[in-house]
Each structure stands twice: as C-alpha cells, then as structure tokens.
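Chemist: give me the fold of what follows.
(6 chains)
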Number of protein chains: 6
Amino acid sequence: MIASDLNTGHAGPALIVAPHPDDEVLGAGGTMARMADAGREVHVVVVTRGKPPKFTNEQVATTRREARNAHDLLGVTETHWMDFNAAELSEHAHSDLNGALGKLVRDIAPSLILAPHPGDIHMDHQLSFLSTLVASRPHQHDYPANILAYETLSETNWNAPYLTPAFVPNVFVDISDTIERKLQAFGKFESQVKQAPHERSVDSLRALATLRGATVHRSAAEGFVLVRSVI
Amino acid sequence: MIASDLNTGHAGPALIVAPHPDDEVLGAGGTMARMADAGREVHVVVVTRGKPPKFTNEQVATTRREARNAHDLLGVTETHWMDFNAAELSEHAHSDLNGALGKLVRDIAPSLILAPHPGDIHMDHQLSFLSTLVASRPHQHDYPANILAYETLSETNWNAPYLTPAFVPNVFVDISDTIERKLQAFGKFESQVKQAPHERSVDSLRALATLRGATVHRSAAEGFVLVRSVI
Amino acid sequence: MIASDLNTGHAGPALIVAPHPDDEVLGAGGTMARMADAGREVHVVVVTRGKPPKFTNEQVATTRREARNAHDLLGVTETHWMDFNAAELSEHAHSDLNGALGKLVRDIAPSLILAPHPGDIHMDHQLSFLSTLVASRPHQHDYPANILAYETLSETNWNAPYLTPAFVPNVFVDISDTIERKLQAFGKFESQVKQAPHERSVDSLRALATLRGATVHRSAAEGFVLVRSVI
Amino acid sequence: MIASDLNTGHAGPALIVAPHPDDEVLGAGGTMARMADAGREVHVVVVTRGKPPKFTNEQVATTRREARNAHDLLGVTETHWMDFNAAELSEHAHSDLNGALGKLVRDIAPSLILAPHPGDIHMDHQLSFLSTLVASRPHQHDYPANILAYETLSETNWNAPYLTPAFVPNVFVDISDTIERKLQAFGKFESQVKQAPHERSVDSLRALATLRGATVHRSAAEGFVLVRSVI
Amino acid sequence: MIASDLNTGHAGPALIVAPHPDDEVLGAGGTMARMADAGREVHVVVVTRGKPPKFTNEQVATTRREARNAHDLLGVTETHWMDFNAAELSEHAHSDLNGALGKLVRDIAPSLILAPHPGDIHMDHQLSFLSTLVASRPHQHDYPANILAYETLSETNWNAPYLTPAFVPNVFVDISDTIERKLQAFGKFESQVKQAPHERSVDSLRALATLRGATVHRSAAEGFVLVRSVI
Amino acid sequence: MIASDLNTGHAGPALIVAPHPDDEVLGAGGTMARMADAGREVHVVVVTRGKPPKFTNEQVATTRREARNAHDLLGVTETHWMDFNAAELSEHAHSDLNGALGKLVRDIAPSLILAPHPGDIHMDHQLSFLSTLVASRPHQHDYPANILAYETLSETNWNAPYLTPAFVPNVFVDISDTIERKLQAFGKFESQVKQAPHERSVDSLRALATLRGATVHRSAAEGFVLVRSVI
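Modeler: Residues are numbered from 1 along each chain as shown, chains lettered A, B, ... in the order given. Just a heads-up that it's a prediction; the model follows:
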C-alpha cells in the first residue's frame, strides 16, 4: 500500500531521526535512496554531537563529513544537526529534546518519520524514539501520518530478549535496487565501520538485507515496525 | 502512506475475511465503502454457514440476504460464500480451511486482506485469522502485500486482557465520509443488530468510530493492527 | 466484588493521582463521583505545577481554580497540590517524588489508589505511576490494598502500540449515573478542553464512556487496569 | 475492595471450574473455604472424567470420592460433574463444552468465577478457560461480574516462559485462616498427592501460600490473575 | 556455560524434534554437527509423514532418503520416524502425540531437546512444541534438563508480529566450524530446497547464520530461545 | 548444560551485580556458594552506597561489614564497592555507571554475570540491569558469554503485573546443598532482615527456594531469566 507513495514525489517529505550519525544508514539507507530516487524530499536529523574530551572536535568533524558523503550518495535533501551530547541524552532535560524535535517536525511537516527502535540498548535511542512520538502527537489536523521504527545493527539485537521491547518487523521495504548504494553509503563512515564478524560491518548489513528480503521473497529489504499510520 | 492507494482503482483487489456475516461490516465497513468509492474491487468471503438444527435454512437465507443488502450499500464487488459450519470451525480439518482460503487468494489475487483478529474470543475468528496467514504466505513473488486485522465489537473486547493477544490499533483509516453508510449497512442485519448497551449495537459502533477517529484527530475512523506490509 | 465497597462509606479513602489537573477527571471522574455519592472520602493529588515562563502564574491559578470547580462538582473531599515542575518531572530527583507521594499515602491511608497508566506517552505520567507504586509497597501490614491504572485521552492512546505497555481494561466501573456529571466536570477545565475531533474533547470522552460501557453491557463505564488487589 | 464481598453471604454464588479433580483445591482451596465460612454459596464444576482404559471406573470413583471429601472440608455447596474425557478435551467439539458450561453458568448465575489459567501446560486447562469466558460473555445485563484465573502447581509453572501466557498474580486473597484446611483438603486426594519435591506435594503447596502471602505481607495467600471485574 | 557440554561426549543424548524432514536442519543443523563432532549422541525424530493423495509414497521415500543423507553428513546417531499425517497434526488426538513423544523421551533420555518454535505459522509446529513440553514435564527426578526452541526459515518469520509468540534468540551456538556442512546437509533435500530469494534457500540460510553470528561477534551461529535449563 | 561449568574451577569468573548489599544474596546466594564450592572465582559488585543524611556513615559501615560476613560464608572471592548514591542512581549520569561497570567487566573478564531484573520496582535495579548489558556488549571477541537476571524478594514481585517486565524463570540452579548456607548468609544482614510475613524474611526466602525447586523436582533452587548465552 505504501509502495506508490514511496515511488512518487507527491508524498510529502520524509524525516529520519538518527541519534548518532550512521544509525540512519544502517536502519534505513536503502529506503532513503529509494524515496530520493522517486523524487521525494528526504531529511535526516542527527540528534547528538560527540562532546570533548570523549570525542575531539576533529573526530566530530570527521564523522559529520562522512555522514554528508553518505547522505549525498543516498540523495538526502538536507541534514539537520542538533547538538545534544552523545551518550548523555538522558542528562538533558527531556522537554528540551521534545521541544527541539517538535520545532523540526513543524518546520519540515513530514508525512513519514523513521525513528530508532525503543528497544535498542542505547538510552539515546530510547529517548530519541519517545521524543519523536511526543513531537508527532496527533493533537491537530496535521501531523506526521506515518511513523515507523527501524533496526540498528549493534543496538537493536543487543538488548534483553523478552524483557525489553522486541523488534519484529511488520513493514518490509524492497531495496533490491538500492542495497548496493546503501552498503557504499555505510562504507563512507570509515571511522565507524567495523570488520566482520562485528554486527556493524558491511557483511552483517548485507546479511540482514538478504534475510529481511527473503522473508518477503525479495532479494533485499529493510524491515520496520509500524508505530502509526493514518490513511 | 496507504491513503493514495485507497483512493485509486489501481491498487488491486481487497479481500475481507468474515468468519460470520456482519463481522466484516463491524470491523471494516467504512474502509470497504471508501475503497469501493475510489473504484477499487472489494471482495468479501464469509467463511461459515449456520448449520441445522442450530440455525434453520431460513435463518441462513435471511442472514445472507441481509449481508448482500449491506454489501450492496457498501459497494462490495462480490461476496464469496464458504460453507464451513458456524461455531464449529475447529471441528473441520485445519488443512481444509487453509486450502479453501488459499484457492480464493490465488483466484482474487488481492493486494490487501483484512482479517479478523487472532485475539477475538470466538475460535472461528482465531482459526480464520491463522488460515488467512497460511493462505498469504510470501513463498513466491506474488502474494497479498498488505494484511491487517480488524476489530469486531462483541468479539475483540471480550477475551482475556493480557492473557490473549491484545488489539491495539496502529493503522487508522479515516471514514468520516462513509461512517453513516457503515451504520446503515450494519442496520441491514436486522436479525443480528442488538439494542444498546449491547456492544453489537449501532450506538456502540458509532462510539467506536468516534473514539478511533479522535485518537488521530479525525471525526470517524476504523482501527486496524498491521500484520504485514510489503512495499 | 468491588461494587459494594464503592457504594459504602466504610471502604476507606480513595486517592487519585493526577500528573496534571484534568487527568484525574478524564480517567476517573465518573468513579470519583460514584464513590463520593456513596459517602466515601475522595482525595486527589496533583503532582505538578506549571512553571514560568512556559506557564504564567495566572495560568496556573486559572487551572487550579478550574480543577477545584470540577472537584467540587464530583464531591472530592480534598485536593492536594504538589509543586513538581510540569513536563519536567524527569528533571526532579526520583527519590523526591517517591518521598512526597509516600508521605501523602501514609497521611491519607487510602484503601484505593487510581494512578495514571505507565504506558502513557507523557513521561510525567510514567514517573507518577512508578512512584505511586513505590509509595504503596506492601512492606508492612497496612498499605493501599487496591491500585488501578486509569486511561487518559490524549496520553494513553498516543504511545507506541506493542512497544510500550498497552492499556487493556480488566476493571469496569459502571458510571451510568455519573457520566453527565463527569462531562460537566471536564467542561469546567475551560482552558484545557479541546474541540472535537481532538481526543481531549467532550465528544471523545462521551464516546469512550459509551464504548467502555458497551463492553460490559452498561450505558457508560470507566475502564481500568488492575495493578494489585489484596483481599 | 473485594474483601467485604468475600466475607458476606450476600455476594452471590461462586463457581470454580476444575478441568480435573484437585485443580480447584490446588488453586483456590483457601479462598473457597473463606467464602464458605462467610456464608457464600460455593460451586465446583469438574469438567472431565477419566476414561477407560486409561482410567478404570474404580479409579474414577475413588477420585470423585476424594474430591467430595475435600469439598466437604472446604464447605463446597455443590459439586457438578461433567463427563468430558480427561486429557482429551480437544477431541470434543468446542461448542459442546461452550454449551455445557453456558448452561451451568445460567443455572447457577455466579457473581464470581475462578477458572484455570490459559497458560497452563495442559490443553484441558487452556480449553476450559476459553469456554468459561465464552460462557460468561457480557452480552446481556446479567453475567458473572468477576472472573479470575487461578494457578495450579504442576500445570502453571511447566509451560514455556515468555512464549505462553504468563501467570503474574494481581489479586491476592489472604488465606491465613484457611491454609491448614486447604492443605488437609488437598491431602484427601490420596491418589493424587505426590511426595516432595514434586510440585503437586503438600510442601510445595505450603511454600506457594507462604510466598504469595509474603508478597502482600500476609502469612498465607492465594494469587490470581484478574480477567474481568464489573463494578 | 553450555559450551563445554556441547564439546564432550559425556553430556547425554540430544533429541531434535522435527515436524517435517528438513526443519531440524534449517533450525539446528550446525549445532547437531558440532555435538556429533564432540562425540555426543544426536537423535532426530520426524513427527509426520506425507499422506496420499497429497504426497505419494514415492515422494515420502524420496524425502526420507534425503533426510538420511543429510543426517549422515551431520553425524546423527539415529533418525526416528513417526507417522502422524503431515499438515494434519491437529486432526490427530493430542494425547496420541503426547504419548508417542513421551515414550521416545523415556527411551532416549535426552539431556537436551531442540524443538520447533510455538510461534511458527504451521500448526504442526505449534502442536509439536506443546507435546514436546508435555513429554518433558519435570514430574520426577529425571527429565530433559535443557529445552530450546529453534527457528525455521519459512515458518518462524511468517506468523503475525506482536500477535503470535515472537522468536527473539537468547542462546547462540557458534557454528563457524560446521556452517558449511549444515548448508551441504540442507542441499541434500533436493526436493525441498528453493531458489533465492525464497526463505527456504541456501542463500537465506547462510544470511541467517551470518546475522545470528554477528549478533555475538562470531562468523556463524544458530539462535535459539531457551525454554528451560536445570543445572 | 550449565551444570558442568558450575561444578568446575575452569569456567572463568562469575560476577554478581548488586544494586544494594543483600540483593545478591537474596537472588543468587545459593548459586554463588555452589560455584565457590566448585572452585570458581566469584565476584560481587555493590553499585551504590548509602548517602548522608539518609544513611549515616556508621550504617553504611555496618551494612558493608554484614555483606562481607555473608560473602565470606558463601565463598565470595572479592567484593567490589562502588559509591553511587543509593536510591538515587537515576541522578547520576547514565554514562558514568556504564563506564564504571564497563571497566570492572574488562578487569574481571567474567564468563557469567548475574544481574538484577529490569522489572524490579526499584529504579536502581532497572538502571543497574541496563548498564550491565551495555558493559557486556558483544562488540569484540571476548565478553561475558552468559548473562542471567535474578529475582529479589521485595523488589521483583512488587512491580506492576503485565505492565512492567515479568520475571518468569527459565533457568533453575539446584541449591539443595547450599540453601542452608544461603539462609545463614542472609541472616548476617541483621540490619536488613525483616520478620515474616515480610517478603525480605528468612521464611519467605526458604519458601521461594522450595517453590523454585519443586518446579523442577528439586528440594531447593534459585530461578533466573536468561538474557544471553553464547556457546
């Protein structure tokens, strides 16, 4: 049902919420490319920024450059940088994150939001998810009509089975035509890519796409959990 | 995302699986009308038939006539009647139901299936859901790309909270334009409609539409749980 | 089983925990009125207070006056005001909220507590629920014997289906005799009431009462999730 | 809230559904005795009967005699014997069990039903639970207002954690005054009682009562899961 | 913790329950080979047999020959054939399957059982799981101390997310040394293997092993859900 | 499967994470003793420290002395004291706790971690669990291969049934030989032990061991929920 919208430019902007740079590519890079190919506006917001002394300014600059390279390859319209402290999102006032994301949602007016999964092991992901939902509340006629949660290798599978929210995909986007570009985009994050058998490696990412695809008889797919769709 | 497809005739046929006549109207009557209005083929399959002595042939004929009247009002393309025994679906071989639904799915080739919810209290509903999924397995390139479960007043809310599968809607279809027709269609089932405060009454059905609508800031809506969407 | 207690004055005080004024009326206004009618002590604690510059002192005063008007109409014995910052409960020390609610529970010694639902989208609700449970721990002979979670339109239905705790009511209180007073009480919150089809509107609230009632063959009801009952 | 009703004779009859004799004593013997002491009518229905050659008629007679002795000790008003085949409930037509339990519920008109838990490992328990719910549907003004599921040692703990419905008690009945009688009643089932450390032993049953009691600061308790309470 | 046992011959027999031939290889082929390599007895029981006219005797003979070839390659000690009708397990008396599996468990006395997952879409899998648990009840000192559920491509991922039991692995067996043999063994089922992108293809099976491995930083792994482990 | 490892000294160190002193004994005292008896290194980390004015320095010293006495009795190799503020763990930066536990895990390199349950009512427990998982991420070849959650009387049973994560044990450790020592060790916490029927009493702890044991036909056991096991 969603296919036709993905493939047209009339569907309204999409917004992908990334707690840290590369989360969005791991979880939704193929879908982003497919939407961009179809002429749809694709926005990414990176919620956090590495803070000294944990991260040097140079490291931050490197990662952001890598992200832009990846985003260019995928056809991202615009990348929005927020400066909440990475790995310390829980130290910020919850209402500040709500406010910042709320403003962005009002400005972009996306019809589709892809957010990290609330069951991810990283608290930055959990809080980004919750604030995304707050920012998208259907308290007026217009709001993001479609919200999905994506899976992030090295975050989603590392939490506690049956004790934290499970990721069991019910939306599958065929990325047969964009899987290679997704892997290339991920490769742009030279400072982040790990060697197999690390989950955050190219091999793992390809295996995930193959498996998610096979579940629905496609060569490659990305899986999502639907949060809300209003038709 | 699904809206554009609902509103065009190019989206492929829709199939609504009703364990008994009127389940489909309670759960999805407004959505059916909206799809029909948009020119989409809408099929209904009624899985069971009342069996003597519990139900006389006359009663069965009455209910089927009522169903056809309701379906005409909603713009249903075709109603398919199966003759499994009502309230005794568990006495039939599971593979027979799988086979019958499988054949229908191959014949109609729907791109959307609306099925009863597996957490409904009626075992006929539970088994209809499972067989619908078997009949829609993605084991080849073509299969129903979208499967949703609908809610049925007097079935869905009467099972055991937290012990049987919960119905928590994540897809909302705006039926502001078809809610009145849905209520009229339900009214056609003169032999089935109950007086308020019975759940299977016109008042309850309207309250449900108002509530599901309000959740997403619409005048009236039908809620569904997404089972699978392939894009 | 609970009916007789609701209808007598011998049942001990009831305490309703409201993160913000009007949550308690939305979720339990009809039950509060019914208990008050039966001669039972009914206490409300409002956990937070709007903080400048987000909320002016005048706004706070207005809301509190509206709340008192609503509570008077419902027969509330006493309204207890705490001054934790609204929408910033997570910025307060968790132990402070535990302590404040603990003291109140010891002072009032309620036999029944109605708390917001932990699956509500608002973090103030989630934290109020948890602290209510901490304050009610059965670590000595006397403690609140009955704890239920209520549902709040515009909070409970707006979180993430299947990823956050679901509200599936297993306790239904017949409010056929008090539904009109509940709606009037809600109407007292002139600064909070929204127009339909907003969830926080009179129409939505009536539809919810009709639906919860119909589920148990009553004209109007409020639904709750039981947390603990000791008999 | 439920306490006052338990302790009076005005609360209406209670019905305990036992798939096999002794399930009801393991799960609710102390509560049954407490209700009988308070003057309340207490009915037990035993759903199945051992069938030759698996069980001889003599064995069946022995178990039924033991059950009556146990029930006498606990103050049961009447024991109702159904003759569905033990360990083969799934071979009977589902509608037959629905019908038989439905008739009993209409005849007794209980205000409280205690049913086995749907997560028990024994399919007879699972089906007894479902049919109890069907028989208690709130489709008219009068129906059993309170339904709880009890736990049965050697059935409830032996199913699959996190894959089948969990028993997590939210209703606790203080049986400090009747625990000894419960254990004696269980001891009447000489043909069923096992030696410790078997779960179906007197020692295990006492440990369970101690633990369920301690959770709510009582010397002994029985735990239940609430299915529905209408007040 | 389990590693040392897997790698010795002293750990007692393992029993893998396969509803149909090849389920056991898809879900646990690598683990089977690893245990056999370590000198451990490995038994497989195939629960069903294809029944004419759906399956010819020749087809049955072919599949069984393929299974034996696969099992030889993996080092299976013995394959046990039951003759329940394939795809019709629900038509057999539940107690018959319980009895047959119970006898096998007593005869082999396995310390480890690998069973299909109860959330699989195929009812034969669901019933095989339940009967395996019944056959392994801890009602005496000796019983299978370890029970795990495996995942079967084309069954486990095709059921209803969040409505049927989810497979979220919490036990990972490193099969880096046996993955190739597993894939070869699967290839022996010439009548069953499908071409990619079908889930039941060699490519999908390899992707699954890569992904399950990456989750725990290994080249290849099989994932399981623990049902019970007694130490 | 885990038995052989428990009973040898070759299995690598075990680390038990205790939010407050005595949690570790309540949840895993018998298992700790059994591992120590087998020659295995057993470490305990106590995450928090009572802070004035809530706790005097003398009280802290007393509790720590009691803990050491208990640990000596159980054969604990080393007790590691962290000084996060008790009952205020949520006021510390989440990354600080992650860091501190991460360093400890690297230093000790445990093959087994026993952590508090994320469904415990105490936020200190919830946060300790999450940080333990972060500290044990499988992002390199070596990491804690086995992680289990233990249950803590007066914390685990006091949260909200069906709304917060349930503790349903799937790993049972036979502590028939160490149950008495466990109870003695618990008795060393003179400042913490409560009188029955408090959950945190010797009687409750014995009842729990009896019940967990009976579930698997043993005289006494401790139950755990498996988070992850890599073999």
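Chemist: can you list phi and psi of A:L183 for me?
Modeler: phi -70, psi -40 (degrees, to the nearest 10).
Chemist: what's in contact with stretch A:46-62?
Modeler: Outside stretch A:46-62, the residues that touch it by Cβ atoms under 8 Å, 6 or more residues apart in numbering or on different chains are A:17-21, A:24, A:63-64, A:67, A:79-89, A:97, A:101, A:124, A:128, A:191. C-beta here means a position set from N, CA and C on the backbone, and glycine is covered the same way.
Chemist: please see if stretch A:90-101 touches chain F.
Modeler: Yes - judged by Cβ under 8 Å from any Cβ of the partner chain, stretch A:90-101 and chain F are in contact via A:90-91.
Chemist: which of the contacts of stretch A:46-62 fall in strands?
Modeler: Residues of the contacts of stretch A:46-62 located in strands (DSSP state E): A:17-18, A:79-85.
Chemist: now for those: which two are most distant?
Modeler: Farthest-apart pair in these is A:T79 and A:N85; separation 18.8 Å (Cβ to Cβ).
Chemist: what does chain A put close to chain D?
Modeler: Counting by Cβ under 8 Å from any Cβ, the residues of chain A close to chain D are A:161-162.
Chemist: go again using 6 Å as the cut-off
Modeler: Residues of chain A that fall close to chain D, judged by Cβ under 6 Å from any Cβ of the partner chain: A:Y162.
Chemist: hang on, A:Q192 packs against A:D22?
Modeler: Yes - assessed by Cβ atoms under 6 Å, A:Q192 is found in contact with A:D22 at 4.9 Å.
Chemist: between these two, who's got more neighbours?
Modeler: Set side by side, A:Q192 and A:D22 give different neighbour counts by other Cβ atoms under 10 Å in any protein chain shown, the larger being at A:D22 (24 against 21).
Chemist: the more buried one reaches A:K188, doesn't it?
Modeler: No - when contacts are counted by Cβ under 6 Å, A:D22 is not listed as touching A:K188 (8.9 Å).
Chemist: the residue lying closest to A:S204 once chain neighbours are set aside sits in which helix or strand?
Modeler: Spatial nearest neighbour of A:S204, excluding adjacent residues (Cβ to Cβ, 6 or more residues apart in numbering or on different chains): E:A214 at 3.9 Å. Per DSSP states H and E: E:A214 is located in helix E:202-215.
Chemist: taking chain A, what residue is nearest to chain D?
Modeler: Going by Cβ to the nearest Cβ, chain D is nearest to A:Y162 of chain A, at 4.0 Å.
Chemist: ok so that residue is a strand residue?
Modeler: No - using DSSP: H, G, I helix; E, B strand; the rest coil, the secondary structure at A:Y162 is coil, not a strand.
Chemist: mean confidence score for stretch A:89-107?
Modeler: When pLDDT is averaged over stretch A:89-107, the result is 97.
Chemist: so what's the backbone phi/psi at A:H122?
Modeler: In terms of degrees, to the nearest 10, the main-chain angles of A:H122 are phi -90, psi 130.
Chemist: report the beta-bridge partners for A:A14.
Modeler: On the basis of DSSP bridges, A:A14 is bridged to A:V42, A:L112.
Chemist: that one reaches A:I113, doesn't it?
Modeler: No - in this structure, A:A14 is not within contact of A:I113 by Cβ under 6 Å, at 7.5 Å.
Chemist: how many residues are close by A:E88?
Modeler: Number of residues near A:E88 (other Cβ under 10 Å) recorded here: 17.
Chemist: I misspoke; the intended subject was A:Q140.
Modeler: Around A:Q140 there are 9 residues (other Cβ under 10 Å).
Chemist: what sits closest to it if chain neighbours are left out?
Modeler: Of all residues not flanking A:Q140 in the chain, B:H217 sits nearest, at 6.2 Å (Cβ to Cβ, 6+ apart).
Chemist: for that neighbour, which residues are in contact?
Modeler: Going by Cβ atoms under 6 Å, 6 or more residues apart in numbering or on different chains, B:H217 touches A:138, A:141, C:197.
Chemist: before we move on, back to that, mark which of the contacts of stretch A:46-62 are buried, thanks.
Modeler: With neighbours counted by 16 or more other Cβ atoms under 10 Å in any protein chain shown, these contain buried members at A:17-21, A:24, A:63-64, A:67, A:79-80, A:82, A:84-89, A:97, A:101, A:124, A:128.
Chemist: is stretch A:146-158 up against chain B anywhere?
Modeler: Yes - contact between stretch A:146-158 and chain B, assessed by Cβ under 6 Å from any Cβ, occurs at A:N146.
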